[in-house]
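Peer 1: sharing a model that was predicted from the sequence below.
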Amino acid sequence: DEGGLYDWVRRAFGDRWGSRVSWYYWINFPLWMASLAFLFPETIAMITGIELGIVPSLVIELAFIWIVVFLSFSKVSDSAWILNLAAVLKVGIALVVGGLGIWYAVNFGFANDMAPETFLPTLDSNSLTYLSIILFNFMGFEVITTYVGSMENPSKQIPKAIIAGGIAIAALYLFSSFGIGAAIPAMDISLDSGIMDAVGIMAGVGSVLFIVVGIVFLITLFGNMVSWSFGVNFVAEHAAKRQNMPRPFAHESKKNQMPTGAAIINGIVASVLVLLSPVMELAGFDGFFWIFFSMNIVFLLISYIPMFPAFLKLRTIDPAANRVFKVPGGRGVALVVAWVPVILLVLAILYIVCVNTLDKWRFRADRQYPYVRELMDEWEQVTRRLLDAAGGQVPDVHVAGQKHPWDAVAPADQPAAACQALDLSSPLCVPLLARQAELEEELDVFLEVYNGLARSYNKALGRPVVRQLARLRGWQPWPALDFCPG
């Protein structure tokens, strides 16, 4: 079955379902390639300290995409050096970050609580946040089985490779995660630059090690893309040859029979997404890495849902087939093995589409609030000094230090009203009035962003599925804010 999960689903449920799976499986790749392309100029800016403009960023992103496309024209055997180099470099990054974490913890202590209970998952709705990432790490295991025909003893070789690889990967991820957690408080870890942030704190931004890790990280992105492209392109070509995808996907190189049609379409789609990013930014969207990466995960998870029912169906309609592996325990165990992953996949997709979107809005608002808290604190101090200078009475309210922005904005009306009732024309009041006006202008800008988030957030909460999931988190609608005391 060279087409992997596409072939299995098609044999079990027919061409229509095979076509759906091939489309979902294929589209995840250009989305993923576009999301990683956005990391390139960001990482280069961190390494060099030079903020890149829109045009240089687009050139770098497009160059990344088309280098990956052209590399995927080569046979797997010809590209093995890229895959092996990327694997070695990823191990190197993990060891460097983990080693720096140990050194940093010994000399400066941990940035996070390292009590044993903090390493265990909590049995609440927050744990669903990590479900999609855990499942994503298992994606691609089934590709190994498409090489069974070229193995000497696949029934022994594949389990050994999965177990040994799983242990090694888990150890490296835990070690590097320890390094990041040693240096950066959990709430401050960036979702797309955590490694670089950690190395910058521990080794110094601009240091030789910081620059080397950044360059190596960029090289590994090529390895990730090239290795995944082979499986995706072959599945798309296989489906196109059976008329389950458009004919251009079936085009292959006359020289080495590689699926060049699918590779070129990948490049075109990813390029269009990258070129649309400036327009999306003007429309108020940002965080393109996570926008496209989340879409990639959703489509990839969807493509795997039919694979498990297909497993049950093929065991029923084709029991005599020569199978390399067989799940022990009979029909009951097979049902559990098949349907538990389906339930987890559906939960992960619902969480990404619904609750994860709300999480991003809340995260953006939470990241803004420390800044607005500082502005409110200074605004309160300036306003109290202004009232003192004009001989007015200071109201017994506290504007700054509140937990939520709406708790801080509402009390501001009282000292503002007290100012308006006084004569503020004295020389002592003039600089204070000027600073107060500057702070109010900055706060108005923040509240414009906040109210835009609030409108989108409240609209999403009104949808039935989102509302039910949000109730698990105790989320309530956000009130609109209007800071206009001046």
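Peer 2: Received the coordinates, thanks. Just so we're clear, the structure is a prediction, and the values are computed from it rather than from any experiment. Numbers count the residues shown, from 1 in each chain.
Peer 1: quick one: low-confidence residue ranges for the stretch 101-250 of the chain.
Peer 2: Judged by pLDDT under 70, the stretch 101-250 of the chain has its weakly predicted residues at 122-129, 146-147, 149-150, 186-193.
Peer 1: residue 373 versus residue 222, what's the distance?
Peer 2: 42 Å (CB to CB, to the nearest Å). Placement of C-beta: from N, CA and C, glycine included.
Peer 1: what about residue 293, neighbour count?
Peer 2: Neighbours of residue 293 under the rule other CB atoms under 10 Å: 22.
Peer 1: what helix or strand is it on?
Peer 2: Using DSSP states H and E, residue 293 sits in helix 288-304.
Peer 1: which neighbouring elements make contact with that helix?
Peer 2: helix 15-48, helix 128-138, helix 260-282, helix 330-350 (3 or more CB pairs under 8 Å, 6 or more residues apart in numbering; DSSP states H and E).
Peer 1: which of those helices is buried the deepest?
Peer 2: helix 15-48 (a mean of 21; mean count of other CB atoms under 10 Å).
Peer 1: by contact count, what packs against it?
Peer 2: helix 5-13, helix 54-71, helix 194-203, helix 208-241, helix 260-282, helix 288-304.
Peer 1: how does it look with 6 Å?
Peer 2: Packing contacts for helix 15-48, counted by 3 or more CB pairs under 6 Å, 6 or more residues apart in numbering; DSSP states H and E, involve helix 5-13, helix 54-71, helix 208-241, helix 260-282, helix 288-304.
Peer 1: deepest of these, which one?
Peer 2: Comparing the helices and strands packed on helix 15-48 by mean count of other CB under 10 Å gives helix 5-13 as most buried, with a mean of 23.
Peer 1: specify the angle between it and helix 288-304 in degrees.
Peer 2: Interaxial angle, helix 5-13 versus helix 288-304 (axes from the mean of the first three to the mean of the last three CA atoms, to 10 degrees): 40 degrees.
Peer 1: now helix 5-13 against helix 15-48, angle please.
Peer 2: Using the same axes, to 10 degrees: helix 5-13 against helix 15-48 is 160 degrees.
Peer 1: which outside residues touch stretch 98-117?
Peer 2: 175, 176, 178, 179, 181, 182, 183, 184, 185, 186, 202 (CB atoms under 6 Å, 6 or more residues apart in numbering).
Peer 1: OK, contacts around the last one?
Peer 2: Residues counted as contacts of residue 202 (CB under 6 Å, 6+ apart) are 100, 104, 183.
Peer 1: show me what the helix or strand that contains residue 458 is packed up against.
Peer 2: Residue 458 belongs to helix 429-461 when assigned by DSSP H and E. Using 3+ CB pairs under 6 Å, 6+ apart as the contact test, the elements touching helix 429-461 are helix 356-389, helix 464-473.
Peer 1: quick check: residue 9 touching residue 19?
Peer 2: No: the criterion here is CB atoms under 6 Å, and residue 9 misses it with residue 19 at 9.5 Å.
Peer 1: now rank the contacts of stretch 98-117 by neighbours and give me the top one.
Peer 2: Neighbour max across the contacts of stretch 98-117 (other CB under 10 Å) = residue 179, 27 neighbours.
Peer 1: now that residue: which helix or strand?
Peer 2: helix 154-183.
Peer 1: what do you get for residue 256?
Peer 2: Applying DSSP H and E, one finds residue 256 in no helix or strand.
Peer 1: between the contacts of stretch 98-117, which is nearest residue 246?
Peer 2: Comparing those against residue 246 with CB to CB places residue 176 closest, at 40.8 Å.
Peer 1: enumerate every residue touching the closest one.
Peer 2: Neighbours of residue 176 in contact, by CB under 6 Å, 6+ apart: 94, 97, 98.
Peer 1: quick one: it from residue 96, how far?
Peer 2: 8 Å.
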